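Novice: Fold the following for me, if possible:
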Amino acid sequence: DITERPWTLVRFDRLNKVPWEEIYNLIGRVRTEYDCRWAYIDGTGPQGDVIEEEMMKRRVPVQAVKTNTKAAKLELINGLQTAFDENRNVVGTTEVLDHTGVITTKARLEEPREGDWGLLRMPKHKQLLTELETYQLDDKKLVQDCVFALALAVAAAREMEYVRPPAIGGLYWDGRK
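Specialist: Prediction:
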C-alpha cells in the first residue's frame, strides 16, 4: 500500500509445489482484488517468457521485468535496500577494531526502533525475513525468491507513487476511474 508513508506490505503468498495453473489464477485474482493495471513478474530466463505468455492467454496484463545482467539485478536489490534505509539519520559515531588491530571511527546510524525512517517497514513474515537475512547476490544455491519479489514490488511502487491520475486514455487509465 503506497497511499501513505511508510509503505505497507498488504499481502504475502509463498507457494511451494503448487500447479502452475493455480499460480496463474492467483496472480489474476490478486491483480483484480487490488485493482492493479498489470501484474509485475520476474521475466528472467525461459520460464519468464512462458509465464508472460500464459498470463496473456488468460487476459491478465503483466509487466515482465527481466534482470539478465548482474547490474540489473543489483539495481533492484539496491532499490529495496534504499527503501528500508530512506531518511535514516546518523546519530553519533562508534569505534571499530579491525582484524589488524587498527581502530577506525564510523558513523552510527539509527537502529530499527530509533527515529521515523524507512520508506518500507521490515515485513513480519518468517520466510521473507529469513531470506532477507541470508541474501547474497550470488544466489545460485540459495532460496531467495521472496527477496526478489519484494524488490520488484518496491520498484513498481517507486514508479507508481509519483503517477498522478492520468488524462483519459493515458497509459495508466483503464476506463473505470
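Novice: now for the helix or strand Ala151 falls within, which elements pack on it?
Specialist: Per DSSP states H and E, Ala151 falls inside helix 145-161. Secondary-structure packing of helix 145-161 (3 or more C-beta pairs under 8 Å, 6 or more residues apart in numbering; DSSP states H and E): strand 39-42, strand 62-65, helix 70-85, helix 126-134. All C-beta spots, glycine's among them, are computed from the backbone N, C-alpha and C.
Novice: Mind checking those for the one nearest to Leu120?
Specialist: Closest approach to Leu120 among the helices and strands packed on helix 145-161 (C-beta to C-beta): helix 70-85, 4.2 Å.
Novice: Spatially nearest residue to Trp7, not counting backbone neighbours?
Specialist: Nearest non-adjacent residue to Trp7, counting by C-beta to C-beta, 6 or more residues apart in numbering: Leu120, 4.8 Å away.
Novice: which residues of the protein score low on pLDDT?
Specialist: Scanning the chain for pLDDT under 70 picks out 139-144, 162-177.
Novice: Same question for the helix holding Ala151: list its buried residues.
Specialist: 145-157 (16 or more other C-beta atoms under 10 Å).
Novice: and the gap between Ala64 and Ala83?
Specialist: Relative to Ala83, Ala64 is positioned 22 Å away (C-beta to C-beta, to the nearest Å).
Novice: Counting neighbours, go ahead and name the busier of those two.
Specialist: Ala83 (21 against 18; other C-beta atoms under 10 Å).
Novice: I'd say that one and Trp117 touch.
Specialist: No - counting by C-beta atoms under 8 Å, Ala83 stays clear of Trp117, with 10.8 Å between them.
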